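> For reference, the sequence and a predicted model appear below.
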Amino acid sequence: MTDGSTEHIKRFVFSSKYNAQGNPQEEKLEVFIPERLQATYSFYTWPPAPVLAWFLWENRRELIGKRVLEIGAGTALPGIVAAKCGAKVIISESALLPKSLAHTKRSCQLNNLSFNCQVQVIGLTWGLLLNNLDSIGPLDIILGSDCFYDPSVFEDIIVTISYLLEANPYAKFFCTYQERSSDWSIEHLLAKWNLHCQIHDTSSLGQSGGINILDLIGSHTIHILEISKSD
């Protein structure tokens, strides 16, 4: 890195009094994320990322053996959690941001993930339906943390997701969305691209590990969305 910012390591702990099978047995996962606070937004773990990561952790039984793609990964906390829980994960960041892509790889290396076995890191730019989308192969789950941060990118994201779901009609897109303006909405884009959205309840998120949801989201309003192809 040549941006002059100093890296520090943030530690995230995911725990539960019950194992993945629902039996009383304490389980814990530690993930270490490098951050550069003076760099661009993709070098920092924004509040929606731990929310999505906890959602994945509490549903970790459903991740085993699944093929997962994270888009706009940045520091890649959700994708790393998915890989640690037994999924085969492709983590992507914009091909137009080589430093961000390198930092995503750094996050994976710091957590001792095996490249081309547990995880792959690729360049994928929203809205550009290039050949690498076709080479991704079958998907079960797509992840996105705080991708809808600016209305100018909303349709690029939805177009990309629509394309991937067309190729993988039984896949689901799970994303965390932080409300920043009451005027912002993706509802019309979902209708335009024939997509259905379900909002997941977050009120009990983290309780299995003794976490209060307010400790994760602070003063923000964050939703977990599940987007799929309409019937």
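Right, received. Where do you want to start?
> pretty sure Gly210 is touching Phe14, no?
No: contact between Gly210 and Phe14 fails when scored by CB atoms under 8 Å: they sit 11.2 Å apart. Any C-beta I mention is one placed from the backbone N, CA and C, and that applies to glycine too.
> Tell me which of these two has more neighbours.
Phe14 (23 against 10; other CB atoms under 10 Å).
> what about Phe174, distance to Gly123?
Between Phe174 and Gly123 the distance is 22 Å, computed by CB to CB, to the nearest Å.
> The two - which one has more neighbours?
Taking neighbours as other CB under 10 Å, Phe174 and Gly123 compare with Phe174 leading, 24 against 17.
> next SSE after the helix or strand harbouring that one?
Here Phe174 sits within strand 172-178, counting by DSSP states H and E. Per DSSP H and E, the first helix or strand lying C-terminal to strand 172-178 is helix 187-192.
> quick check, distance from that next one to the centre of its chain.
Distance, stretch centre to chain centre, for helix 187-192: 21 Å (CA atoms, centre = their mean, to the nearest Å).
> who touches that helix?
With contact meaning CB atoms under 8 Å, 6 or more residues apart in numbering, helix 187-192 is reached by Phe154, Glu155, Ile158, His196, Cys197, Ile227.
> What of stretch 222-230?
Stretch 222-230 has contacts (CB under 8 Å, 6+ apart) with 47-48, 51-52, 55, 161, 165-166, 169, 171-179, 190, 194-200, 202, 216.
> just checking, next helix/strand downstream of the least confident helix or strand in the chain by mean pLDDT?
Across the helices and strands of the chain, mean pLDDT, DSSP states H and E gives its lowest value to helix 131-134, namely a mean of 70. Past helix 131-134, further along toward the C-terminus, the next helix or strand under DSSP H and E is strand 141-145.
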